[in-house]
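1. Quick one, structure for this:
(one chain, ligands or ions: 1)
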Amino acid sequence: MPVTDFKLPEKYQYLNGFNSYHESEAIPGALPVGQINPQKCAYGLYNEKLSGTAFTAPRHENQQTWLHRILPASAHEPFEPRETATFDTNPGSIHGTHKWHQIPNQLRWDPFDIDESVDWVHSLRLVAGAGDPTVKSGLGIFIFSAGKDMDPHSAFYSADGDFLIVLQHGALDIQTELGKILVRPNEICVIPRGIRYRVSLPDGPVRGYILELYQGHFTLPELGPIGSHCLANTRDFQAPIAAFDEDTSNTYTLFAKFAGHLFAAQQTHTPFDVVAWHGNYYPYKYDLARFATIGSIAFDHPDPSIFTVLTAQSDHPGTAIADFVIFPPRWLVQEGTFRPPWYHRNTMSEFMGLIHGEYDAKTGGGFQPAGASLHNVMSAHGPDAGTHAKASEAELKPMKVGEKSMAFMFESALMVGVTEWGLTKCAKVQKGYNAESWVPLKPRFKRPEGTQVMNGSANGKLGDKSQAPHWT
Ligand SMILES: [Fe+2]
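-> Next up is the predicted model:
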């Protein structure tokens, strides 16, 4: 069945569809009919707009949602800086402790530790990225790990970008302003910029990866000759239905990630008081098992872009600030073909993670669930020596790869820098990545006997194996 067999059963209802215009009422009649701004809202609610794009963005890009709530989001005390010594996810920050390391080395990380001492807000570790949230440019790549629920009287939002959350361990019960979402391993969740939410952990400690998109929003990739469906289908994205609390007597702490720094403000009412909403700017989740994978049924194989779930394009169509790509279980049937990924150097940077199982292009055991790798712009990589040797001799019968496995990639046109935490403080970077993966590759070249070797010269002399080029 093309759905994940989750350990934790679903407990919420959802609205289906990607970038759909939805409306949802926790109390029937809460939304106005035929107008946006009635003089008096139903049930004494306040009407509030949440914009995800500029007002004048083209219609096909425009994202806005109208909230009908008990009190407006603005009813809070001023924000104050919080955890200034420890929370810093802006690499260009005044604290100066997270400047990017721009290095061409291939990097691979052991599984990141689970930290049970912190909640969601304090679990965010910037490991790599590019650009700057203050100019809405680029992306951040985070590792998160937490063992505590957020305080029941708290909420969090990021003003810096959209969170694409790839859960690896545990489960996330996310109460958002627009309703509740349960996220389990093999599901991803996108929480757009500005939406307030609270995370609790119904299945113990959690760990995973986040891509924060500082510019634009995720869209579905173009399908071109594939046609009108397959890959991630529109109907399989799930948005929450309206659900609200009513509490105007307790003090709540509202955390904000703003320019990579943490702030907090107090308010005397729950942030989760949206009784009804309508719009197309909302959080959503997606079960990766629903991805309708496309591949070669003859010979060779297409670029890994065929596995793109979501994309965020730059101003140049086809060139992404961020692609979210997965490597799901699939059949390989190509004839006469080296079936693992080819060796390559890519103008894009590739950050990979593993949710569970074993990635089929790396069988050496160094790329493990909750670990990661980074192959930056033009950093050469490909199958490790063992995988190459095995695949070169394998009988090419139909075979299933990636069974019970889910690897993913955050791919970007931008050069991705690594933070001080990602390179040294986390103490997870593997020293022997090259030595284990590609240094053991042996030359397989056999010079053909009795065949003239031209090597760029008309008389063929330069091709003589024993002859050193005259310019050395
Ligand atoms: Fe690659």
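2. Can you list the low-confidence ranges for the protein?
-> 1, 91-98, 360-364, 458-472 (pLDDT under 70).
3. What are the boundaries of the helices in it?
-> 385-393, 420, 433-437 (DSSP state H).
4. Quick one, which of these gets closest to Ala312.
-> helix 420 (26.3 Å; C-beta to C-beta). Every C-beta, even on glycine, is put in place using the N, C-alpha and C of the backbone.
5. for the helices of the chain, which one sits closest to His22?
-> Nearest of the helices of the chain (C-beta to C-beta): helix 420, 41.9 Å.
6. Centre of the chain to the closest one, how far?
-> 21 Å (C-alpha atoms, centre = their mean, to the nearest Å).
7. just so I know, which of the helices of the chain lies nearest His68?
-> Among those, helix 420 comes nearest to His68, with 44.9 Å by C-beta to C-beta.
8. which helices and strands does the closest one pack with?
-> Counting contacts by 3 or more C-beta pairs under 8 Å, 6 or more residues apart in numbering; DSSP states H and E, helix 420 packs against no other helix or strand.
9. So what's the residue count around the closest residue to Trp342 other than its chain neighbours?
-> Closest residue in space to Trp342, ignoring its immediate chain neighbours: Gly382 at 6.2 Å, by C-beta to C-beta, 6 or more residues apart in numbering. The number of residues packed near Gly382 is 18, by other C-beta atoms under 10 Å.
10. Ok, Ser314 next?
-> Neighbour tally, Ser314, other C-beta under 10 Å: 16.
11. Same question for Gly456.
-> 9.
12. Relative to Gly216, how far out is it?
-> 47 Å (C-beta to C-beta, to the nearest Å).
13. Ok, Gly227 next?
-> Counting by C-beta to C-beta, the gap from Gly227 to Gly216 is 25 Å.
14. Just want to know which of the two has more residues nearby.
-> Neighbour tally, Gly227 and Gly216, criterion other C-beta under 10 Å: the higher count belongs to Gly216, 20 against 7.
15. Contacts only, for that one.
-> 312-313, 321 (C-beta atoms under 8 Å, 6 or more residues apart in numbering).
16. switch the cut-off to 6 Å
-> Gly216 is in contact with Ala312, counting by C-beta atoms under 6 Å, 6 or more residues apart in numbering.
17. And it, how far from Thr234?
-> 19 Å.
18. do Thr419 as well
-> Counting by C-beta to C-beta, the gap from Thr419 to Thr234 is 36 Å.
19. Repeat that for Met348.
-> Taken as C-beta to C-beta, the span from Met348 to Thr234 is 26 Å.
20. repeat for Ile188
-> Ile188 is 15 Å from Thr234, by C-beta to C-beta.
21. what about these two, which has more around it?
-> Set Ile188 next to Thr234 and count neighbours by other C-beta under 10 Å: Ile188 wins out with 25 against 13.
22. isn't that one right up against Tyr286?
-> Yes: judged on C-beta atoms under 6 Å, Ile188 makes contact with Tyr286 at a distance of 5.4 Å.
23. returning to what we had before: I figured the residue nearest to Trp342 hits Arg345, correct?
-> No: checked against C-beta under 6 Å, the pair Gly382 and Arg345 is beyond contact range at 9.3 Å.
24. As a check, name the ranges of all strands in the stretch 1-150 of the chain.
-> In the stretch 1-150 of the chain, the strands defined using DSSP state E, counting those that start in this stretch lie at 14-16, 22-25, 46-51, 64-69, 80-81, 107-109, 124-132, 137-146.
25. Quick one: closest of those strands to Val199.
-> Among those, the nearest to Val199 by C-beta to C-beta is strand 137-146 (7.7 Å).
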